[in-house]
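> Structure of the sequence below:
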Amino acid sequence: MTARKWISVLPLPGAGQPWLLSPSRLAEIEDRAQAAGPVPWKRRGRHVPADVVDEEGYYVGEIATGPAAEFIAHARQDVPDMAKEIRRLSAALRAATDQIAELEDDLGEATARIATLEKAAVEARAALGSLCYDHEDPGTAALGALYLLTQATLWTEDGADFGAEALAQHASEVLHRVANMADPEPPEASFFGDYGPQVAAWLRRRASQKASVLVPTAEEAS
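So this is what the prediction gives:
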């Protein structure tokens, strides 16, 4: 459901209808205020809106004083002011509703575009992973691109591919090469000095850990 549809049906607190004042009701108030005459109304010193009629000692009308008289006296200006404000807020709300609807449309298009790009990235990662896994020396450019694609698609839900295996395979090979350099065959000397054998042993353990992801599971072996 778009914002254009749901905002227009939001209920107001304490009101039994979506809008407190309908357009027709607002026009009615404006017409009544316009017909009431120019401000201010006559107050006769005590904020009395009309003459009081005295008939045989009884008041037919009631003299408005205090807060009630203030309300009546200022209503001539208050009502038009409120009507103007309601129209201003209604226009602002309509503009905001249209803008939200447009933003939701943009968000839908962006979401679809992202899904398309993610699908393409996953497919590229799978193809490049298979290539790097099968190739004896895919090169640093291909492995670097595979690493970036893998990092960019970590959150995606997709089928298994050889991307992680290819990177683990490469890491294991590199660690083995560095281990051989750390503990070379005589008469070559290790650039780690007397610590060469210990460093080489640690590197070979790390290489074995990387290679462990290459071991097939029971399901894959079957």
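> Give me the three-state assignment for residue 119.
helix (DSSP: H, G, I helix; E, B strand; the rest coil).
> what number of residues lie near it?
When neighbours are defined as other C-beta atoms under 10 Å, residue 119 has 13 of them. C-betas here are computed from N, CA, C, even on glycine.
> And it, how close does it get to residue 126?
Look at residue 119 and residue 126: by C-beta to C-beta, to the nearest Å, they are 11 Å apart.
> got it, and residue 29?
67 Å.
> Please apply the same query to residue 203.
From residue 203 to residue 126 the distance is 30 Å (C-beta to C-beta).
> do the same with residue 211
21 Å.
> How about residue 83?
As judged by C-beta to C-beta, residue 83 and residue 126 stand 64 Å apart.
> Could you do residue 195 as well?
41 Å.
> Between those two, which is the more surrounded one?
Neighbours per residue, other C-beta under 10 Å: of residue 195 and residue 126, the larger number sits with residue 126, 18 against 12.
> name the helices or strands packed onto the helix or strand that one falls within?
Using DSSP states H and E, the element containing residue 126 is helix 66-134. In terms of contacts (3 or more C-beta pairs under 8 Å, 6 or more residues apart in numbering; DSSP states H and E), helix 66-134 is packed against helix 3-6, helix 23-35, helix 140-152, helix 163-182.
> by how many degrees do that helix and helix 163-182 diverge?
60 degrees (axes from the mean of the first three to the mean of the last three C-alpha atoms, to 10 degrees).
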